[in-house]
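Participant: Just need the structure, nothing else, for what follows:
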Amino acid sequence: MAITLAQTATAVAPGITASFLAGGGVSPYVYSVKSGGAGGTINANSGIYTAPAQMGTTALTLYDVIQAIDNVGAIVTSKILVGNALFLLCDIIQTQLGLHPITCTSGIKSSFNQPTLSSTWPSLSHPANPLRIILAMTRILRRLRPRIS
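Facilitator: Numbering: from 1, shown residues only. Model prediction:
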C-alpha cells in the first residue's frame, strides 16, 4: 500500500500548530520539515507541526514542505502555508473562487520595502492597506458574481 499524508490544515497563522498523519506504507513513520521553507518545526514522532513565529519574507518562505518516511524508506510530502490573517483571507478567497494565478503577498516586502498585494491584475498592485485590499477584493467579487435578472 502506498504511503499517504493527511493534515489538519493547509494554511496556518504564525505560531499555530497543525497535525500531520502518515498512513499506508509500513509504520512507524518519521516526520521532518524540508529546509529552505517558512521555518516551522515538526515533532519527528507525533507529526505535530508548529509554524514559525513570523511569516516568510519571500514567496519561497511562505510554505513549509512536510515529509514523512515510512519504515522501508517510502517518502510522501505535503505543504503548509504560513501567513498573517490578511494573507490567509486572500488565499482562501482566491482558492474558493478559482482565481489562481493571483498571488497574495500581503506582508511580503517589495523592492520599495512596502508590503504589497501583487497580482496578475495590475489594478491590485499597490501598497498594502487592509481596507484598500478588502475594497479591491469586493470589487472583484462583484464582477465575478452571477448577475440576477
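
Participant: quick one: pLDDT of Thr4?
Facilitator: Note for Thr4: predicted pLDDT of 96.

Participant: got the contact list for it?
Facilitator: Ala22, Gly23, Gly24, Gly25, Val76 (CB atoms under 8 Å, 6 or more residues apart in numbering). C-beta: built from backbone N, CA, C; applies to glycine.

Participant: Tell me if I'm right that the last one and Ala22 touch.
Facilitator: Yes: with contact defined as CB atoms under 8 Å, Val76 reaches Ala22; the gap is 6.7 Å.

Participant: Neighbour count: the two, which is higher?
Facilitator: The neighbour comparison of Val76 against Ala22 (other CB atoms under 10 Å) goes to Ala22, with 23 against 19.

Participant: Using the three-state scheme, assign that one.
Facilitator: Classification of Ala22 using DSSP: H, G, I helix; E, B strand; the rest coil returns strand.

Participant: That one and Tyr49, how far apart?
Facilitator: 13 Å (CB to CB, to the nearest Å).

Participant: Can you work out which residues contact both of those two?
Facilitator: Contacts common to Ala22 and Tyr49, judged by CB under 8 Å, 6+ apart, are Tyr31.
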